[in-house]
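Q: have a look at this fold, sequence not included:
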C-alpha cells in the first residue's frame, strides 16, 4: 500500500491545537505541523497558522483578507518558524506580512489584513437554492461503494462533516459528464471554541483542502490518487463565520491549463449571508517539482 493510500485524516482536536501557534515574542511564533505519510505540510493548515499568528499582533480586529504564496513544501515532521511584520496600523485596517521558514528557507509568504467594525451599506450575491444539509447523505455514505478501495480512504472518519450537493470527484470520475461546479455543505464534526479568528483559520484550512475538488472533478480524477500542490491562495472574509452551523461552499473551476487548475469558492452561512470568497491555483502532477 502506498503512502497516499495509507493516509488518514487528522483529528479535529489536533487541527485546532496546532492552528493555535506558540508565541515566542512579539513577532515570532512557532507552528507545529500535522504529520502524514508523505510528510508534506498541508497548505491550508500552515496558511491558517499564519492567519492566527498575524491576528495575535492585531488585537480587537478581525481578519477580512489574506493572500498566500506557497514557495516550498516543507517537512511536516518538524515545526515551522513564523515571523510577523507589522506593516501598517490604520484607524480601520491593519496589515501584516507573515513569512514562514524552516531551516532558513522560506516556505510561504502571506499578506493579511484586519479590520474594525464599520457601519456602512451592504449588498451581496444571493446564495444558490440548494437542499438542506440534513436531507443529503454524508460523504461516507456517498462513497460506500468504494469502502474497500485505498484501505478505506473514502469512508474513514473526517474532521468535517461534508454533504455534497453535486457529484463528488470520485463518483464523477466514473459517472456522467464532469461539471465545473461543485457545491457542498460542511461544518466541524465537534464544537470548537468561540474565537472568531479560529473559525476563520478553520475555514482557511478547509478551503485549502476541499476547493481542489472542483478541478479534480473536471480532470476525472480524485485527491487520493493525484498529486497536487497549492501555488497561491486568497481569501476575503466578508463577515465572521460561525462554525456552530453549516457553511455552503459553492465551488467553481473556470480554467485548467499547463498543469495548473484555478478554483473559486463562494461561502454562505445557513441564513444565506455571504461569509467568504476564496480563490486558489494548484499544480497537478505525479510528485514532480513545481
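A: Yep, that arrived. As the structure is a computational prediction, the values presented were derived from the model and not from experiment. Numbers count the residues shown, from 1 in each chain.

Q: C-alpha only now, for contacts and for neighbours.
A: OK.

Q: bridged to the residue nearest to residue 167 when sequence neighbours are not counted, which residues?
A: Excluding the flanking residues, the one nearest residue 167 by C-alpha to C-alpha, 6 or more residues apart in numbering is residue 182, at 7.2 Å. Beta-bridge partners for residue 182, by DSSP bridges, are residue 251.

Q: hang on, residue 182 packs against residue 263?
A: No: taking contacts as C-alpha atoms under 8 Å, residue 182 lies outside contact range of residue 263: 10.4 Å.

Q: following the helix or strand of the chain with the lowest mean pLDDT, which helix or strand shows up next?
A: None of the helices or strands of the chain scores lower by mean pLDDT, DSSP states H and E than helix 3-6, at a mean of 42. Next helix or strand after helix 3-6 toward the C-terminus (DSSP states H and E): helix 12-19.

Q: what comes up buried for that following helix?
A: For helix 12-19, a neighbour-count test (16 or more other C-alpha atoms under 10 Å) marks 12, 15, 16, 18, 19 as buried.

Q: so how far is residue 158 from the last one?
A: In this view, residue 19 and residue 158 are 17 Å apart by C-alpha to C-alpha, to the nearest Å.

Q: with the first one instead?
A: Relative to residue 158, residue 12 is positioned 8 Å away (criterion: C-alpha to C-alpha).

Q: so what sits against both of those two?
A: Contact criterion C-alpha atoms under 8 Å, 6 or more residues apart in numbering; residues shared by residue 12 and residue 158: residue 189.

Q: how about the helices of the stretch 1-150 of the chain, start to end?
A: Counting by DSSP state H, counting those that start in this stretch, the stretch 1-150 of the chain has helices at residues 3-6, 12-19, 43-56, 139-142.

Q: for the helix or strand following the last one, which helices and strands make contact with it?
A: Next helix or strand after helix 139-142 toward the C-terminus (DSSP H and E): strand 160-164. The contact analysis (3 or more C-alpha pairs under 8 Å, 6 or more residues apart in numbering; DSSP states H and E) places strand 160-164 against helix 139-142, strand 181-188.

Q: please repeat the previous calculation with a cut-off of 6 Å.
A: Packing partners of strand 160-164 (3 or more C-alpha pairs under 6 Å, 6 or more residues apart in numbering; DSSP states H and E): strand 181-188.

Q: and the strand it packs on, how far out from the chain's middle?
A: 12 Å (C-alpha atoms, centre = their mean, to the nearest Å).

Q: neighbouring contacts of that strand?
A: Outside strand 181-188, the residues that touch it by C-alpha atoms under 6 Å, 6 or more residues apart in numbering are 160-166, 214, 246-252.

Q: angle of it against helix 12-19?
A: Counting by axes from the mean of the first three to the mean of the last three C-alpha atoms, to 10 degrees, strand 181-188 lies at 90 degrees to helix 12-19.

Q: and the angle for the helix or strand following strand 181-188 with helix 43-56?
A: Sequence order places helix 196-210 as the next helix or strand after strand 181-188, per DSSP H and E. If you take the same axes, to 10 degrees, helix 196-210 sits at 160 degrees to helix 43-56.

Q: average model confidence for helix 196-210?
A: Per-residue pLDDT over helix 196-210 has a mean of 96.

Q: from now on call the first residue 16
A: Sounds good: first residue 16 from here, last item helix 211-225.

Q: what's the next secondary structure element after that helix?
A: Using DSSP H and E, the next helix or strand after helix 211-225 towards the C-terminus is helix 227-233.
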